[in-house]
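Chemist: what's the 3D shape of this:
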Amino acid sequence: MRAAVRLAWRGTAVLAFGATAALAVISNKPALAPAAIITASHAQPTPKCTLHGLAISLASAPQTRPAGTRYPVEFTNTSAAPCTLTGFPQVAAYDARGAAYAQVGNAAVQADSVTARRVVLGPGASAHSDVDLSIIGLPQKACKKVTAAGLRVIAPGETTPRYLRHKMSACSARGPQAPAYLRVRAVQAGQPRP
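Modeler: Presented below is the predicted three-dimensional model:
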């Protein structure tokens, strides 16, 4: 009888110890967060700036330089949320005569003097891209000089142009043999420097 009682006590002690160990393991595991909290912890990436929330303008008076003229183009976030711009805008001179604004000469080539970086624009913040125009020393036959009405600018990642009026001398010659008289730099944070 005593042996049976001892065996019962040992069995009870083993069960109690096992249950305590199991509780310790379970209580040391981290609690799982609800799905909504897990999802909320992953920040959404800042969307790219779209034409509907972006003002594009000539930032200041063109800057005359020995090699030509610099036109600082400014991009301002007019939306209520941050957005990003990355890369080069598409730029060309245009003629305002007629029903459709026709491109004058070749589009601007990309200048690699500054690195293209992702620029985050908060509401009301601005970025800029410099456009250099140089027809100095170009022969009339190769350039076919004309007066353009201004610059046609398409923001990076967009397809709809904005037309910035400012009369300028331009090359009307087009094609692979025509001179590259316009150069555009990648969008940079902040306003242009004089």
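
Chemist: Please make it C-alpha for all contacts and neighbour counts, starting now.
Modeler: Fine.

Chemist: Look at the residue nearest to Gln63 when sequence neighbours are not counted and tell me its secondary structure.
Modeler: Leaving out its chain neighbours, the residue that sits closest to Gln63 by C-alpha to C-alpha, 6 or more residues apart in numbering is Arg70, at 5.0 Å. Under the three-state scheme (DSSP: H, G, I helix; E, B strand; the rest coil), Arg70 adopts strand.

Chemist: Kindly report the same for Ala142.
Modeler: helix.

Chemist: beta partners for the most centrally placed residue in the chain?
Modeler: Note on the chain: the residue nearest the mean C-alpha position is Leu85, at 1.7 Å, using C-alpha atoms, centre = their mean. On the basis of DSSP bridges, Leu85 takes part in beta bridges with Val119.

Chemist: Relative to Gly105, how far out is it?
Modeler: To Gly105, Leu85 is 26 Å away according to C-alpha to C-alpha, to the nearest Å.

Chemist: Kindly report the same for Gly150.
Modeler: 12 Å.

Chemist: Low-confidence bits of this structure, can you list those?
Modeler: Applying pLDDT under 70 to the chain flags the ranges 1-43, 194.

Chemist: all helices for the chain, in order.
Modeler: Per DSSP state H, the chain carries helices over the ranges 2-28, 35-41, 140-143.

Chemist: domain assignment for the chain?
Modeler: 2-41, 51-189 (automatic domain parsing).

Chemist: Just name the most buried of the ones you listed.
Modeler: Of the domains of the chain, the one with the most neighbours on average (mean count of other C-alpha atoms under 10 Å) is domain 51-189, at a mean of 18.

Chemist: Name all residues that make contact with Pro89.
Modeler: Counting by C-alpha atoms under 8 Å, 6 or more residues apart in numbering, Pro89 touches 129, 153-156, 184, 186-187.

Chemist: This protein: strands as residue ranges?
Modeler: 54-58, 63-65, 68-77, 83-86, 90-95, 102-104, 109-110, 118-121, 126-133, 145-154, 162-171, 182-184, 188-189 (DSSP state E).
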